[in-house]
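Asks: based on what follows, work out the 3D shape:
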Amino acid sequence: MHSATDEQLVERVQEGEWAAFAEIYRRYRSPLYSFCLRLSGRKETAEDALQETFAKLALRAAEIRSRGALRGWLYQVARNEILMTFRARRRTTELLEDADGEVWDAETPLTLLEAKDGIAHMERSLARLKVEYREVIIMREMEELSYAEIAAVTQSTEAAVKSRLFKARKALAQRLGAH
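Replies: I've put the predicted structure just below:
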């Protein structure tokens, strides 16, 4: 089963083969959890989103029709689960880009106090990015999704993805360069 392609596994899941579902889970559990954790910043939220994503795969595998679509479908479902959590917390303002193009959430005395060295500072800086910038950085740099895959997951255009990625990289470089 380890040599089966995603397309073959999806076909088998659609036919009701649970071993194929287990293989998809094995392949994608860790990268999806990492994505959810980085996007949400909360372990519990990431775990819930991961569980919901695979539950939806079990129930809605028939929706995955095109060749090579499994990875993008999983990331899109996981992203949507995280965004629904944000909405439930009335954090919709985080989803919209400010008119002035600001990419950072407001700093607090605690976040200023917590700023330290290296990777921890980078992780905190990444977590401080607004969600629409954070998600493209995570998907492109950490999960290595293509621009087309990110556009499909975020339901936007490749140009919008590239623009958000440019702004996010620039903001991170400025923040990290100052450190």
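
Asks: going forward, measure contacts and count neighbours with C-alpha atoms only.
Replies: Fine.

Asks: pLDDT value on Arg128, please?
Replies: Per-residue confidence (pLDDT) for Arg128: 88.

Asks: make that Pro109, sorry
Replies: 52.

Asks: number the chain from 40, please
Replies: Happy to do that; since the first residue is 40 now, the last one works out to Pro148.

Asks: any regions of this structure where pLDDT drops low?
Replies: 40-41, 106, 128-158, 160, 217-218 (pLDDT under 70).

Asks: what's the domain layout of it?
Replies: 40-129, 135-218 (automatic domain parsing).

Asks: list the buried residues in whichever helix in the chain runs longest.
Replies: Ordering each helix of the chain by length in residues (DSSP state H) puts helix 57-79 first. Across helix 57-79, burial judged by 16 or more other Cα atoms under 10 Å covers 59-60, 62-63, 67, 71-79.

Asks: what does stretch 47-58 give?
Replies: Leu48, Val49, Glu50, Arg51, Val52, Gln53.

Asks: now the terminal residues of that stretch, how far apart.
Replies: 12 Å (Cα to Cα, to the nearest Å).

Asks: same check, this time on stretch 93-109
Replies: Per Cα to Cα, stretch 93-109 runs 12 Å from first to last residue.

Asks: buried ones in that stretch?
Replies: Buried residues in stretch 93-109, counted by 16+ other Cα under 10 Å: Phe93, Leu96, Ala100, Ile103, Ala108, Leu109.

Asks: pick out the most distant pair among the residues you listed.
Replies: Phe93 and Ala108 (15.0 Å; Cα to Cα).

Asks: burial count for Met42?
Replies: Actually, residue 42 is Ser. It isn't Met. 7 (other Cα atoms under 10 Å).

Asks: leaving out sequence neighbours, find the closest residue to the residue nearest the centre of the chain.
Replies: Note on the chain: the residue nearest the mean C-alpha position is Phe74, at 4.5 Å, using Cα atoms, centre = their mean. Spatial nearest neighbour of Phe74, chain neighbours left out: Ile177 (6.7 Å); criterion: Cα to Cα, 6 or more residues apart in numbering.

Asks: appreciated, that's everything.
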